[in-house]
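> pasting the sequence and the predicted model now:
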Amino acid sequence: MGSREKILGQIKANKPESLELPAIDLGLFDEGLDLLQEFTKKVEVVGGNVIQIASENEVQAKMTELFPDAKVKYSTLDETEAFNTLSIEAIQKPHDLEDLDILILKSDIAVAENGAVWLDDSKIPMRVLPFITKHLVFVLEEKSILGYMHEAYANIDDFGFGVFISGPSKTADIEQSLVIGAHGALSLTVFVKK
Amino acid sequence: MSHSKLASIFNKDEKKVDWHDKALWFVRHKRDLSVHQVKGWESLRDLGHGIKAHMLSNLDSYLQEFEKNAQANGVEVHWAANGEEHNQIVHKILKENNAKKIVKSKSMLTEECHLNPYLEADGMEVIDTDLGERIVQLAKEPPSHIVLPAIHKNKHEVDELFQEHLGTEPCDGDPQYLTHEARKHLREKFITADAAITGVNFAIAETGGFVVCTNEGNADMGAHLAPVHIACMGVEKIIPKQEHLGVFLRLLARSATGQPITTYSSHFRKPKDGRKMHIVIVDNGRSEQLSRPDFRASLHCIRCGACMNTCPIYRRSGGHSYDATIPGPIGSILSPGKDLTKHSSLPFASTLCGSCSNVCPVKIDIHSQLYKWRQIITKETPQPFVKKASMKMMGTMFSKPSQFERVGKLARWSLRTLPKSVINAKPNTWGKERDLPKGPKQSFDEWYAEKRKQE
């Protein structure tokens, strides 16, 4: 008998009588949040920052202003040929992305209660991109901000890989001192189009 | 060695104990601030408990559903009855892919199975990439906490370790500099890795996908760069549906560190074209724990570490004093199920104050289970003579009110009259670090009777 059968057999023999699966009542959690305000607050709490814009065209100029020394840049926004310094199609190995300074990605799901932004394969040309870049930028519309994780999951469907990102990477593993910039992004900026 | 003996070693450095105690209490405090902001927090905990209890009661069918869906996603699923089989499976996959350099993100399961030494014995390089885990790996120690693996080390010790192993400059323990150096050192490891191993926080039966949570981004750096990704999970990591992630991701980070969510909550479902993804499902004693009605709820655990941060014993004795992969209150109810004799002192490393149960995000009755393990351990493992004799004596005394009164009178008189040298003599361990109170003239019974008379 293989381990699979052995494990499943033991579990079947040892499990308790079937217990009911509780239903999630979303009414219990709703506090009528001002979504943009709460989202902004939470992104700041986790070490990122939110900039409101009227048009996507403002993003590149703003990023060039914030990081004038950035050399390697990539954006998935429309009309970013002039901004992009690399072509994802030309990248043979993801390892060649090591010097990426700025990455700008679109998202259409964000969560107010924790400042998280959802990305999946449809938004990320190469999976390692949002982790390997030094500075990470999201662009989303205000209407994409949902209140709670429950609502976010109701809107997430088919994907091969997806990730909620809340703030830049961080660690407090040395004497509990918070250091921003562990293995992932050193900074995170979210542009919200009103 | 027993918990109390190992704790006394940790207690030698009083300053360090104080720091450790306060640092963890601070994390507990951050948890409080964070969860008090969430409307319906208690309902969330109830849901967490209910979903896990339901999952355990249908675990065999959910595991099969998960397997089927994962396979349909192009993921290879393996089953390991115990730690050794887990290690053999991982080793075989690595061999088949000709992998020599492996990066690993935090996984308490691979610690439990002692995977690293197994792979290293065959000449493979295994690098723990979570900063805290890398620190303890360099120090050749096990993690002392499941979320804060190097909480027992101060920054000067890390400074010295990095100077020795990574060739850093002396920096008076500057966390910013040390973290940055670790980033550089591990970046190189990520770039050159042949395979990545991660743990699993949640595995979703409905989709065959799994979720890995980190703050550093190390799991993703490993998994997306290396050609092979192996994810190792205990059978109890299953949850039925994707919508349940909404409950658990809201509970996990707030309970762990007070963050509203971890920086990265990565959802793996399908491997990228040309890449390989494996899942190893491990039992290693879990199905046996499932057979124990009093203790099966310990399998609800989502490994947040809140019970450790709040525990007055853990904070003052350090994670290594538990001599178990999972330390603290939750470890003390999990470990005896694996080896009752080795871990027989752990359920006694508690004041039974119940704080662990109060903070547990999935409402495990940890302190009740600690009490229940004590009943079993006292019956099934040999107890020290003095403890056995004194318990018997006390049992008789408590069952006879007149005898209890006489002994009480004598004790109160002794505490009033005898010199400290006698009261705090060696056999009285309670007198070790504290003065006992002065014995009152009246017993509570006498005081109560007198009050009643006056009314």
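Perfect, thanks for sending it.

> what's near enough to touch the residue most central in space within chain A?
Taking C-alpha atoms, centre = their mean, the centroid of chain A lies closest to A:I165, which sits 2.9 Å from it. By C-beta atoms under 8 Å, 6 or more residues apart in numbering or on different chains, the contact set of A:I165 is A:A116, A:V117, A:L119, A:P130, A:L136, A:F138, A:L188, B:T263, B:Y264. C-beta coordinates here come from the backbone N, C-alpha and C atoms, glycine included.

> beta-bridge partners for it, please?
A:V117, B:Y264 (DSSP bridges).

> residue of chain B nearest chain A, please.
Chain A sits closest to B:G217 of chain B, with a gap of 2.7 Å, by C-beta to the nearest C-beta.

> show me what B:F268 is bridged to.
A:F161, B:F210.

> residues touching it, list them.
A:F161, B:G209, B:F210, B:V211, B:V212, B:A223, B:H229, B:A231, B:M277.

> any stretches of chain A with poor pLDDT?
A:1 (pLDDT under 70).

> mind jotting down where the helices sit in it?
Taking DSSP state H, the helices of chain A run over residues A:3-14, A:35-45, A:57-66, A:129-132, A:149-154.

> what number of residues lie near residue 123?
Looking at chain A here, since you left the chain open. Close neighbours of A:K123, defined as other C-beta atoms under 10 Å in any protein chain shown, add up to 20.

> not what I meant, chain B
7.

> that one: what's it in contact with?
B:K100.

> give the contact list for the closest residue to B:I204 other than its chain neighbours.
The shortest distance from B:I204 to any non-neighbouring residue, by C-beta to C-beta, 6 or more residues apart in numbering or on different chains, is to B:Q242 (5.4 Å). Taking C-beta under 8 Å, 6+ apart, we find B:Q242 in contact with A:Y153, A:I156, B:I204, B:E206, B:T207, B:G209.

> now do B:G199
B:S105, B:K106, B:S107, B:M108, B:L109, B:T110, B:V212, B:A219, B:A231, B:C232, B:M233.

> the helix or strand harbouring B:A231 close to chain A?
Here B:A231 sits within strand B:228-234, counting by DSSP states H and E. No - with C-beta under 8 Å from any C-beta of the partner chain as the criterion, chain A is not reached by strand B:228-234; the gap is at least 10.5 Å.

> which helices and strands does the helix or strand following that strand pack with?
Downstream of strand B:228-234, the first helix or strand assigned by DSSP H and E is strand B:238-239. With contacts defined as 3 or more C-beta pairs under 8 Å, 6 or more residues apart in numbering or on different chains; DSSP states H and E, strand B:238-239 has these neighbours: helix B:41-57, helix B:59-72, strand B:202-204.

> what's in contact with strand B:238-239?
B:51-52, B:55, B:59, B:62-63, B:66, B:202-205, B:245, B:248.

> any chance of those residues in TSV with pLDDT as columns?
As requested, the contacts of strand B:238-239 are exported to TSV (pLDDT from 0 to 100):
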residue	pLDDT
B:I51	98
B:K52	98
B:M55	98
B:L59	98
B:Y62	98
B:L63	98
B:F66	98
B:F202	98
B:A203	98
B:I204	98
B:A205	98
B:L245	98
B:F248	98
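
> about what we covered before: neighbour-wise, which of the contacts of B:F268 leads?
B:A223 (31 neighbours).

> you'd agree that one is in a strand?
No - counting by DSSP: H, G, I helix; E, B strand; the rest coil, one finds B:A223 to be helix, located in no strand.

> pretty sure it sits against B:A196.
Yes - B:A223 is within contact range of B:A196, at 4.7 Å (criterion: C-beta atoms under 8 Å).

> between those two, what contacts are shared?
What both B:A223 and B:A196 touch, as defined by C-beta under 8 Å, 6+ apart, is the set B:S105, B:H229.

> and the residue of chain A nearest chain B?
A:G184 (2.7 Å).

> list the contacts of B:P142.
B:E111, B:V136, B:H320, B:T325 are the contacts of B:P142 under C-beta under 8 Å, 6+ apart.

> pLDDT wise, what is the second one at?
Okay, so that is B:V136. The per-residue pLDDT reported for B:V136 equals 97.

> what is the burial count for it?
22.

> element containing it, please.
Going by DSSP H and E, B:V136 is in helix B:131-138.

> what's the following helix or strand after that helix?
helix B:155-166.

> next SSE downstream of that following helix?
helix B:175-192.

> give the pairing partners of the helix or strand just after that following helix; include direction for each.
Counting by DSSP H and E, the next helix or strand C-terminal to helix B:175-192 is strand B:195-198. Here strand B:195-198 has these sheet partners by DSSP bridges: strand B:101-104 (parallel), strand B:228-234 (parallel).
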